[in-house]
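Asks: give me the fold of what follows.
(2 chains)
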2 protein chains.
Amino acid sequence: MSPPIDFYFDFTSPYGYLASELIGPLAARHGREVTWRPYLLGAAFKVNGGRPPTEVPLKGEYVARDFPRSARFHGIAYRHPSVFPVPAVAATRAYYWVAGQDAGKAIALAKAIYHAYFTEDVNIAEAENVVKIAAGAGHDAGAVRAALADQAVKDRTKAEVDAAVARGAFGSPYVVVDGEPFWGVDRFDQLERWLHKPF
Amino acid sequence: MSPPIDFYFDFTSPYGYLASELIGPLAARHGREVTWRPYLLGAAFKVNGGRPPTEVPLKGEYVARDFPRSARFHGIAYRHPSVFPVPAVAATRAYYWVAGQDAGKAIALAKAIYHAYFTEDVNIAEAENVVKIAAGAGHDAGAVRAALADQAVKDRTKAEVDAAVARGAFGSPYVVVDGEPFWGVDRFDQLERWLHKPF
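Replies: Numbers count the residues shown, from 1 in each chain, chains lettered A, B, ... in the order given. Presented below is the predicted three-dimensional model:
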C-alpha cells in the first residue's frame, strides 16, 4: 500500500475548495488515501511576504473572474463569499479537534465547512458559525464550543500550521505525493499523471 | 472570421516559453490567429509590487522544480538558464522592430529567442546575443544592431508594454480571447474549452 497523499489547504481558499471536491476521487483512482491538512496561508505569508491575491493590483481583478470560472470549468457549485478572505482559525481548530478523534469525520467536517463558506455564504471566521456547521455534521455544539477554547486544540492547530509551512506549503491547495509537491488545483493534471507514473 | 487571440508573455518567463510552444496549434484547432505581444513583467511588478517567483521564499524552491517538470509534462525541451531571470528589453525591442515589418517573421524570431534562452542557455539580456539570434533567423546583423538603438523602436516597445499592463496583464503567459483573460499555461485547458464554447 502506497503512503497517503498530503493535502494542504486553507479554508478561505477558493482553489482549495475546488481541490477538496476533486482530491478524493483522484487519489482513489490510484489506490491512494488522502491526509487532509488544513493550515493558515497567513503563516506562509509571514515567511514570504505574500498576500491574498484579491488584494494584489491587476491580479485581484483577474482572480475575481477566475474563481467562479474555474468552478464552472470543474462543474462545482460556487458562490463567492460576501466576506472574503477571512481568518480560518476557528474552522481549522474545529477540524483538528475532530481529527484527533476520527479522521473520516474530520474530512466530513472539512467538506461541510467549505460548502458553508463557498456555497451558502456562511462567514466561517465567526466561531459560532463553525459550531453550527459542526453541529450540522453531527457533533455536540457544546463540545465543539469547548474545543475551540481548549489550549490543547490551539496548540495542536499551531503545530500543524507550522509543520505545513516547514514542509514548504505556501499556497492552497498544496499537495505532496512521495515527496513531490504540487501547488494549485491547476496542477491536478500533473498530479494525476505523477500518481500513474512519476515523470 | 473571429478576431485573433492576444498572447502576452515575457521572454524571460519559463511558462511563457511553454505557452509559446502550445498556443499556435491550440488556436489553429479553433480557427484562430494569434497576435504575439511580448511585454516586460517588470512593468506589471511596478504596479502591483510583484517579483520574480524564484525570489519569493518557499515559492522559489517550488518553481525551481515546477519549471522543468511542467516542460516534461508537456513534452517540451527545457534547460534552465544559468542566468535567470534577466531583463528582456533587447529581445522585446528586436521583436517589435521585426513586427513592424512582418508579423510572421516576428513570431519566428520570438520562437528563436525562446529556444536560445531556454534550450541553449544563451543570455538574452545581452544585446549582442539578441543580434546573433536575429541574424540566425535571417535578419541583417547591422540592421538589428541599429534597430536596438533606434528611438522609434524603443518608443514602440514602451507603448506595447504599457498597453499590455493597461489591458490587465500581470503574468506570463496572459492570454485574452474576446475580452476574457487567461493567466498561465495552466489555464490552457480552460482557454481551449472557451474557444470551443464560452462557459
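
Asks: only C-alpha atoms for contact and neighbour calcs from this point on.
Replies: Fine.

Asks: residues near A:Ala77, how many?
Replies: A:Ala77 has 12 neighbours, counted by other CA atoms under 10 Å in any protein chain shown.

Asks: quick one: secondary structure of it?
Replies: coil (DSSP: H, G, I helix; E, B strand; the rest coil).

Asks: assumed A:Phe199 was part of a strand.
Replies: No: counting by three-state DSSP, A:Phe199 is located in no strand; its state is coil.

Asks: contact partners for it?
Replies: By CA atoms under 8 Å, 6 or more residues apart in numbering or on different chains, the residues touching A:Phe199 are A:193, B:69, B:72-73.

Asks: most neighbours among these, please name it.
Replies: B:Arg69 (17 neighbours).

Asks: now A:Gly168. Nearest residue, chain neighbours left out?
Replies: Among residues not flanking A:Gly168 along the chain, B:Leu58 sits closest, at 5.7 Å (CA to CA, 6 or more residues apart in numbering or on different chains).

Asks: next up, identify which helix or strand A:Pro181 is on.
Replies: Per DSSP states H and E, A:Pro181 falls inside strand A:180-183.

Asks: from the chain's centre, how far out does the following helix or strand past that strand sit?
Replies: Per DSSP H and E, the first helix or strand lying C-terminal to strand A:180-183 is helix A:188-196. The chain centroid and the centroid of helix A:188-196 are separated by 20 Å, computed with CA atoms, centre = their mean, to the nearest Å.

Asks: what inclination does helix A:188-196 have with respect to helix B:188-196?
Replies: Per axes from the mean of the first three to the mean of the last three CA atoms, to 10 degrees, the angle that helix A:188-196 makes with helix B:188-196 is 130 degrees.

Asks: now do the buried residues in helix A:188-196.
Replies: Under the neighbour-count criterion of 16 or more other CA atoms under 10 Å in any protein chain shown, helix A:188-196 has A:188, A:190-192, A:194-195 buried.

Asks: all strands of chain A, in order?
Replies: With strands called from DSSP state E, chain A shows them at A:5-9, A:34-38, A:174-177, A:180-183.

Asks: pipe those strands into a markdown table and attach distance to A:Val161 per row.
Replies: Shown next, in a markdown table, are those (distance: least, CA to CA, whole Å):
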| stretch | distance to A:Val161 |
| --- | --- |
| strand A:5-9 | 10 |
| strand A:34-38 | 8 |
| strand A:174-177 | 13 |
| strand A:180-183 | 17 |
